[in-house]
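Visitor: Sequence first, predicted coordinates after that:
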Amino acid sequence: MAANSPEGATPRESRSWTLRLRRAIDQHLPMGHLLPDRQPYYVGSWVYVFGVITIAALAWVIVSGVVLSFMGPQWWHDSRLGRFVNSLHFWSVQLFFIFMVLHLWGQYFMAGWRHGRAATWMIGVVIFAVSILTAFTGYLTQQNFDAQFIAINAKDAMNSAGIGAFFNVLNFGQMYGLHVMLLPIGITFLVVAHIVMVRARGVVKPIDAEGARS
Amino acid sequence: MRSMGATQEEYYRGVRMVPYDLVKELALAIAGIGVLAVLVAAILSSPDVAPVTIAAWAQQDPVDLVTTATNELAGSTTSAGYGPPYNSVGAGQSWGPIAPQKWFGVRIPVDSANTFVIQPLQRASFSNTDLGTALSAWQKATPDQQTKWLDAYSKALPNATVKDGTVAVAAGDYGPLPVMMSNLLGVAQAGGLDGLLVINGRFYQTDYTLPLLFMGDGTYLSGLAAQAHLTGSQWGMMNETGSYPGQTWLWLYTMWYQVPPFTSTTGFLGFNSSNADLGIIILMTVLTAALALVPFIPILRDIPRWVPIHRLIWRQYYAPRKGAIRS
């Protein structure tokens, strides 16, 4: 083994954070797991596709959202192209939620948390919750009648829980910043973590599969 | 990766593996969803009903605007008696000792009478002698006198008539109120109040807390919302204007607003219609936490084993045993 390989590292090199991170990635998420070209034969249901379709819809949500945020919040109200891009954003969000819920129910009835995958399930639920919050801030920042009344209606729930003291749904600037910046970053980070955990462990075995505890 | 003490290779040992193209699947999904989203967007568009301005409110329903402004002075509107985070007049919602609305205090101070009526009139009184005199009379009057004027004017407003955009009430002792309200209405109809309520001493504005609270105190905006099926009792949090799907993912949250104890005045376990918002937030927090913790909750985690949906999903595994796992 070469002297500068991870296995042959000197004591000083073994304390290197960079080397430790690289070794952890090599050990826990080799490229063969991250981008597999083979799957167990029982991975044949459409249920398995719901997660990928959810990610695809998220990609369109992000692309259309980037265009809307680049052009500014007024653009889509006054431009036919802007209205179309907003509609693309709107329907991508609807598709994102439809397939995320299908993915969630699919994973529930497959008990996808088995064999050390509980954290993957829990992060998925957090993604669902953060997505609802992100969509909510999107509805609040439409700058139309819906946004007005949703804000007036929703403030009571937020205020009752004390959240309204910090998360003011009547403050367009705060909601806009959260919607186009912080919450999408949060969702993207969580989705990447979710995918990495799925790829690192692989798909779960069927319930009651021989040799597999549930 | 270790799972149940085994690497992924060990976990799948003995399982027949078949070719799979993850990147192709993702690319096809992105293309397919893109085509679908573009088609639906082009055919169905998206909702965009113009927002309501205070000017439109003043023009379309001047009596409601004047009534709301009068109630702001009297301290009888929703925002005037709201409590935290706007003021300390009301206590806010609580459930036993749990009162987060009170805990965090007044962080967005709103003095409804001054903010929505007196301060805009003070700005509008510049070079308006009649209004300046009326404001001075109002502010010099004793609270008892102000209350008498407000009571008399409030009783006259339901029978008010509108002529050429102005509100007229039967003759009575209303003090300076008719002059004040006539000017406030005029400023509002011209669009001035829309601007005066977002003014904050800086040039750029992004906070619409004040105009939204003021419009929320009236009945004009909520009347339009009721026509569009947006109010809370109409499953409004998940609806939107037109025939668009809205936030359907809020169906469970919205549902609780339609059922006891959250619709009841007597309630159950301390939850009732007066603290429904807090009760439903607590309930949804518990349910969301339960969903996240399903892997650790007996019965909930066992249902998938009892319900044979998994046998449809893995029918290749369960039906022909020729490819069974040999681990």
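Guide: Arrived safely.
Visitor: Which residue, other than its chain neighbours, is closest to the residue nearest the centre of chain B?
Guide: By CA atoms, centre = their mean, chain B has its centre lying nearest to B:M237, at 7.5 Å. Computed as CB to CB, 6 or more residues apart in numbering or on different chains, the closest residue to B:M237 that is not its neighbour in sequence is B:T254, at 4.7 Å. Every residue, glycine included, has its C-beta placed from N, CA and C.
Visitor: what about the residue of the stretch 101-250 of chain B found nearest chain A, how many neighbours?
Guide: Proximity of the stretch 101-250 of chain B to chain A (CB to the nearest CB) peaks at B:T206, 2.8 Å away. B:T206 has 15 neighbouring residues, counting by other CB atoms under 10 Å in any protein chain shown.
Visitor: I figured it hits A:G173, correct?
Guide: Yes. B:T206 is within contact range of A:G173, at 2.8 Å (criterion: CB atoms under 8 Å).
Visitor: ok, back up a step: could you double-check that the residue nearest to B:M237 lies in contact with B:W235?
Guide: Yes. Using CB under 8 Å, B:T254 is in contact with B:W235, at 5.0 Å.
Visitor: Show me what counts as buried in stretch B:216-234.
Guide: By neighbour count on 16 or more other CB atoms under 10 Å in any protein chain shown, the buried set for stretch B:216-234 is B:G216, B:D217, B:G218, B:Y220, B:L221, B:S222, B:L224, B:A225, B:A228, B:L230, B:T231, B:G232.
Visitor: With stretch B:205-213 instead?
Guide: Buried-residue list, stretch B:205-213, by 16+ other CB under 10 Å: B:D207, B:Y208, B:T209, B:L210, B:P211, B:L212, B:L213.
Visitor: Spatially nearest residue to residue 101 (excluding sequence neighbours)?
Guide: Chain wasn't specified; assuming chain A. Nearest residue to A:V101 in three dimensions, chain neighbours excluded: B:W249, at 7.2 Å (CB to CB, 6+ apart).
Visitor: Chain B was what I was after
Guide: B:G92 (3.2 Å).
Visitor: For B:F116, see how far away the one you found is.
Guide: With distances taken as CB to CB, to the nearest Å, B:G92 is found 21 Å from B:F116.
Visitor: A:F189 now?
Guide: Counting by CB to CB, the separation of A:F189 from B:F116 is 42 Å.
Visitor: of those two, who's got more company?
Guide: B:F116 (29 against 12).
Visitor: And the helices in chain A?
Guide: A:11-14, A:17-28, A:31-34, A:47-71, A:75-78, A:80-109, A:118-140, A:145-160, A:172-177, A:183-201 (DSSP state H).
Visitor: looking at those, which is closest to B:P260?
Guide: Nearest of those to B:P260, taken as CB to CB: helix A:145-160 at 18.3 Å.
Visitor: tell me the angle of that closest one relative to helix A:118-140?
Guide: If you take axes from the mean of the first three to the mean of the last three CA atoms, to 10 degrees, helix A:145-160 sits at 130 degrees to helix A:118-140.
Visitor: Return the distance of stretch A:143-151 from the chain's centre.
Guide: Centre-to-centre, stretch A:143-151 and its host chain are 26 Å apart (CA atoms, centre = their mean, to the nearest Å).
Visitor: just stretch B:16-28 next, same as before
Guide: 44 Å.
Visitor: Okay, now that stretch: how far is its last residue from its first?
Guide: Using CA to CA, to the nearest Å, the end-to-end distance of stretch B:16-28 comes out at 25 Å.
Visitor: what's that stretch in contact with?
Guide: A:35-41, A:43, A:49, A:52, A:55-56, B:323 (CB atoms under 8 Å, 6 or more residues apart in numbering or on different chains).
Visitor: how about low-confidence regions in the stretch 201-327 of chain B?
Guide: B:320-327 (pLDDT under 70).
Visitor: how about the helices in it?
Guide: Along the stretch 201-327 of chain B, the segments classed as helices by DSSP state H, counting those that start in this stretch run B:209-217, B:220-227, B:251-256, B:276-292, B:303-306, B:309-313, B:315-318.
Visitor: Excluding residues flanking it in the chain, which one is nearest residue 65?
Guide: I went with chain A, as the question did not name one. Leaving aside its chain neighbours, A:G65 sits nearest to A:H89 (5.7 Å; criterion: CB to CB, 6+ apart).
Visitor: Wait, chain B was what I had in mind.
Guide: B:A58 (4.8 Å).
Visitor: That's all I had, so thanks and see you.
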